[in-house]
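Visitor: Quick one: sequence plus predicted model below, questions after.
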Amino acid sequence: MDLAVVRARYLELRIALPEARVFYAVKANPEPDVLRTLAEAGSGFDVASIGEITLVLELGADPGSLCHANPVRTPEETASAFAAGVHLFVTDSAEDLDVLALHAPGASVLVRLAVDDSGSATPFGGKFGCSEDEAAVLLPRAAALGLDVAGLSFHVGSQQSDPKAWSGAIAACARVASSSGVELRLLDLGGGFPVRYREPVASLSECASAISDALALAFPARRPELAVEPGRVLVAEAGVLHARVVRVSRRHDGRRWVYLDVGRYGGLAETEGEAIRYRLRTPHDDGPLEPSVLAGPTCDGDDVLYREVPLPTALRAGDPVRLLAAGAYTASYASIAFNGLPPLPVHCTDSAHPVPTPRT
């Protein structure tokens, strides 16, 4: 991980959305040096568990800079987060509101709206968020329970390819505010800002422009304060995953299989369904290519990264393979001991200060 790239991406986000509070999604990459770099740059944190809360607080983060954005939590987790100083929670159900009222009395809440996340690489499948009608009921219910109603949140899906996705979601939030009679103090735009892997994607400035236009239409009189929950866009391009070829084989079906020493259980879970297609670099990229199956090292038949990808014909066992823009959702997804393999180690450097940063 190159911490200088993390800083640069954070600055790019601040320039694109200067008025928005930033809650970095810790799950994207929880490496302490990455979190410390973002905290020093002024970022807050989107936390989903007491483990993540403890981690960022131990690094010196202010509890007031945290947003507990995971509405799937137990009463014990809610109470622990509140006791640790977290006072901003995302919710999406009447059941969770009851838990918050009891275990985090007076806390600020954002009701999460389910929005169209088509166009994203990994949509949520309905797991989070409520309908517009439900949200219009939950907002006044939260106030009646003694909670501080901060506003609404949404997420357009991870690696969202269409900037207009934010436009539709913002319009939906405006409809909820109108039907509920609740003035939104804070509007959390979530994450989903895309990163270039193999195909071009919309830039942060393009997404920000779509957001600005939508806000002007949806809230012409008074625009709420904004927040965002970026993850991938801040850390993906900072990371390079260094792998090695274990074996190259021609299988019984005639296809050429290339096996790496890292696979879906070693941090490359987002290759499931080929949702994320990492750019690959080898020592033989100038030579001829051959369609190949790229697989991981475990004895699980699903540990296949790409069913057909052009790879150098000269590739052999022992050759290094680098996966670019791999700084997000790799180390945090890596299994601890599947097949007895160790978790993915992370090494941080800083190209702005070329002395390697010791791992914490």
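Guide: Cool, got the structure.
Visitor: need the contact list for Val304.
Guide: Residues near Val304 by Cβ atoms under 8 Å, 6 or more residues apart in numbering: 263-264, 293-296. In this view, the C-beta of every residue, glycine as well, is placed from N, C-alpha and C.
Visitor: For Asp117, which non-adjacent residue is spatially closest?
Guide: Spatial nearest neighbour of Asp117, chain neighbours left out: Gly157 (3.1 Å); criterion: Cβ to Cβ, 6 or more residues apart in numbering.
Visitor: From Ala171, how far off is that neighbour?
Guide: Counting by Cβ to Cβ, to the nearest Å, the separation of Gly157 from Ala171 is 17 Å.
Visitor: With Val195 instead?
Guide: 26 Å.
Visitor: Thr91 too?
Guide: Distance, Thr91 to Ala171, by Cβ to Cβ: 22 Å.
Visitor: Let me see the ranges of the helices in the stretch 1-150 of the chain.
Guide: In the stretch 1-150 of the chain, the helices defined using DSSP state H, counting those that start in this stretch lie at 3-16, 32-41, 50-58, 75-83, 94-103, 132-144.
Visitor: need the ones you listed in a markdown table with distance to Arg185, can you?
Guide: Converted to a markdown table, the helices of the stretch 1-150 of the chain look like this (distance: least, Cβ to Cβ, whole Å):
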| stretch | distance to Arg185 |
| --- | --- |
| helix 3-16 | 21 |
| helix 32-41 | 25 |
| helix 50-58 | 23 |
| helix 75-83 | 20 |
| helix 94-103 | 17 |
| helix 132-144 | 11 |
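Visitor: Dump those into CSV; add mean neighbour count as well.
Guide: Shown next, in CSV, are those (neighbours: other Cβ atoms under 10 Å):
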stretch, mean neighbour count
helix 3-16, 19
helix 32-41, 20
helix 50-58, 18
helix 75-83, 17
helix 94-103, 17
helix 132-144, 18
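Visitor: out of those helices, nearest to Ser120?
Guide: Closest approach to Ser120 among the helices of the stretch 1-150 of the chain is made by helix 3-16 (18.3 Å; Cβ to Cβ).
Visitor: which residues in the stretch 201-350 of the chain form strands?
Guide: With DSSP state E, counting those that start in this stretch applied, the stretch 201-350 of the chain shows strands at 225-228, 241-250, 256-260, 280-281, 289-295, 304-312, 320-323, listed in chain order.
Visitor: what's the closest of these to Thr37?
Guide: Using Cβ to Cβ, the nearest of the strands of the stretch 201-350 of the chain to Thr37 is strand 225-228, at 17.7 Å.
Visitor: List the buried residues for stretch 124-134?
Guide: Across stretch 124-134, burial judged by 16 or more other Cβ atoms under 10 Å covers 128-130, 134.
Visitor: Could I get the contacting residues of the residue nearest the centre of the chain?
Guide: Here the mean C-alpha position of the chain is nearest to the C-alpha of Gly231 (Cα atoms, centre = their mean), at a distance of 3.7 Å. Counting by Cβ under 8 Å, 6+ apart, Gly231 touches 24-25, 27-29, 46, 158, 191, 328-329.
Visitor: Can you say which of those residues are buried?
Guide: Among the contacts of Gly231, those classed as buried by neighbour count (16+ other Cβ under 10 Å) are 24-25, 27-29, 46, 158, 191, 328-329.
Visitor: where does the protein have low pLDDT?
Guide: Within the chain, the stretches with pLDDT under 70 are 354-360.
Visitor: can you list the domains in this structure?
Guide: 3-236, 240-324 (automatic domain parsing).
Visitor: Kindly state which of those is positioned closest to Cys348.
Guide: Closest to Cys348 of the domains of the chain is domain 3-236 (Cβ to Cβ; 4.1 Å).
Visitor: Endpoints of the closest one, how far apart?
Guide: End-to-end distance for domain 3-236: 11 Å, by Cα to Cα, to the nearest Å.
Visitor: before we move on, the earlier item: out of the contacts of Val304, who's nearest Val182?
Guide: The closest of the contacts of Val304 to Val182 turns out to be Arg264 (Cβ to Cβ; 43.4 Å).
Visitor: OK, contacts around the residue nearest to Arg255 when sequence neighbours are not counted?
Guide: Closest residue to Arg255 apart from its sequence neighbours, by Cβ to Cβ, 6+ apart: Val293 at 5.5 Å. Residues near Val293 by Cβ under 8 Å, 6+ apart: 251, 255-258, 304, 306-309.
Visitor: try it again with 7 Å
Guide: Residues near Val293 by Cβ atoms under 7 Å, 6 or more residues apart in numbering: 255, 257, 304, 307-308.
Visitor: how close does it sit to Ser212?
Guide: The spacing between Val293 and Ser212, counted by Cβ to Cβ, is 44 Å.
Visitor: now Ile53
Guide: Going from Ile53 to Ser212 by Cβ to Cβ gives 32 Å.
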